[in-house]
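Chemist: Turn this into a structure:
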Amino acid sequence: MSDNAIPFAKLGIPLELEKRLSRDAPSKIKRAIAKGAVPIQPAAQLGALYILAGDPDSKVAQAARKGMQDLPTKIILNQLSVRTHPKVLEFLAEFRDPDPALDERIAMFRTANDRTVTIIARRAHTALCELLSRNHERLLVTPDVYVCLHANPDCPDSAVSRADSFLRMQNSLPEVPEVRPFLQSSSEDDFVGLSEDAQVAASPPPATDPLAPSDTNMGNVDLLAEIEAALRGDVSPVLSQRHEERLRMFDLGQVD
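Modeler: As a prediction, this is how the structure comes out:
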């Protein structure tokens, strides 16, 4: 992807920083930015890390993801605002270790996209489950939030019932297993009649993230090579639906 196709302004990147983040900028400079060794405006930090995480240079991309992981939660919370791009919010939800304070802040943004909120709903703590079950606008926009709450063992029955009642009144209740997934043994019969999306959302998260960019979990798949393919607009035939979702996160052509 050419630098002209990278929406720097929409990601909060000032003009003077664009050249340092461009595809043909020296990798040494980009790695330094990713590691925080080069000071940049706080408001641009999250957007810069998001761009660099999809850089064709694997060392730059890895440094950016580590840089995002290492940022103190307090700093990220101070940088988040209604102007934070939805793709940056998705990046945080995907690559940061679960953090209750950060998850709550991100999930309450009206600008957060569907995938971001469902990622958070699957792992939400009890208090956040209660908040999500009362967020009528989000439930209508993203009904799969209810599916994720239903499958989340930390979500109390009261929160699930509240969301169920609201969506039922709106004729927008998604399909879920009759018994909450963590209360039953997983078998094909548990998901009979459910749509593919509902099956994915209702499935409890694995103990080990199968999308983690490690040799053990990825096998022979080169995640960074696949990210480059996504940036070019090519879709890999060997990736599963969840792999494709993770790669689409870095498709800068989708940044509106």
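Chemist: Tell me, how many residues neighbour His150?
Modeler: A total of 25 residues lie near His150 under the criterion other CB atoms under 10 Å. Backbone N, C-alpha and C define where each C-beta goes, glycine included.
Chemist: Remind me which helix or strand it belongs to.
Modeler: helix 144-151 (DSSP states H and E).
Chemist: What of Leu49?
Modeler: With DSSP H and E as criterion, Leu49 is part of helix 42-53.
Chemist: which is the next helix or strand following that helix?
Modeler: Using DSSP H and E, the helix or strand that follows helix 42-53 towards the C-terminus is helix 58-70.
Chemist: so for the very next helix or strand once past that following helix, what's the average pLDDT?
Modeler: For helix 58-70, the succeeding helix or strand toward the C-terminus, using DSSP H and E, is helix 73-79. This predicted structure assigns helix 73-79 an average pLDDT of 96.
Chemist: Show me which residues of helix 73-79 are buried.
Modeler: Neighbour-count burial for helix 73-79 flags 76, 79 (criterion: 16 or more other CB atoms under 10 Å).
Chemist: Contacts for it next, please.
Modeler: Helix 73-79 is contacted by residues 42-43, 45-46, 92, 96, 99, 101-102, 105 when judged by CB atoms under 8 Å, 6 or more residues apart in numbering.
Chemist: three-state assignment of the closest residue to His136 other than its chain neighbours?
Modeler: In space, His136 comes closest to Phe166 once its chain neighbours are excluded; the distance is 5.9 Å by CB to CB, 6 or more residues apart in numbering. Three-state secondary structure (criterion: DSSP: H, G, I helix; E, B strand; the rest coil) places Phe166 in helix.
Chemist: Could you report the neighbour count for Phe166?
Modeler: As a burial measure, the neighbour count of Phe166 was computed by other CB under 10 Å and equals 18.
Chemist: That one and Ala34, how far apart?
Modeler: Taking CB to CB, to the nearest Å as the measure, Phe166 falls 43 Å from Ala34.
Chemist: Also Leu89?
Modeler: Distance, Leu89 to Ala34, using CB to CB: 19 Å.
Chemist: And this protein, what are its domain boundaries?
Modeler: If the domains of the chain are taken from automatic domain parsing, they occupy 3-75+210-254, 124-205, with pieces of a single domain joined by a plus sign.
Chemist: looking at this structure, which helix or strand is least sure?
Modeler: Every helix and strand in the chain was compared by mean pLDDT, DSSP states H and E; the lowest is helix 215-218, with a mean of 38.
Chemist: Can you give me the buried ones in stretch 30-40?
Modeler: For stretch 30-40, burial by neighbour count (16+ other CB under 10 Å) applies to 30-31, 33-34, 40.
Chemist: Closest one of those residues to Thr142?
Modeler: Minimum separation from Thr142 among the buried residues of stretch 30-40 (CB to CB) is found for Ala34, which lies at 31.2 Å.
Chemist: The residue most central in space within the chain: which element?
Modeler: Among the residues of the chain, the smallest C-alpha distance to the mean C-alpha position (CA atoms, centre = their mean) belongs to Glu90, namely 3.3 Å. With elements delineated by DSSP H and E, Glu90 resides in helix 86-95, which encompasses its position.
Chemist: For Glu137, give me its contacts.
Modeler: With CB under 8 Å, 6+ apart as the criterion, the residues that contact Glu137 are Arg110.
Chemist: ok, it to Gly47 distance?
Modeler: Distance from Glu137 to Gly47, counting by CB to CB: 26 Å.
Chemist: Spatially nearest residue to Asp97 (excluding sequence neighbours)?
Modeler: Closest residue to Asp97 in three dimensions, ignoring its sequence neighbours and counting by CB to CB, 6+ apart: Gln69, at 7.0 Å.
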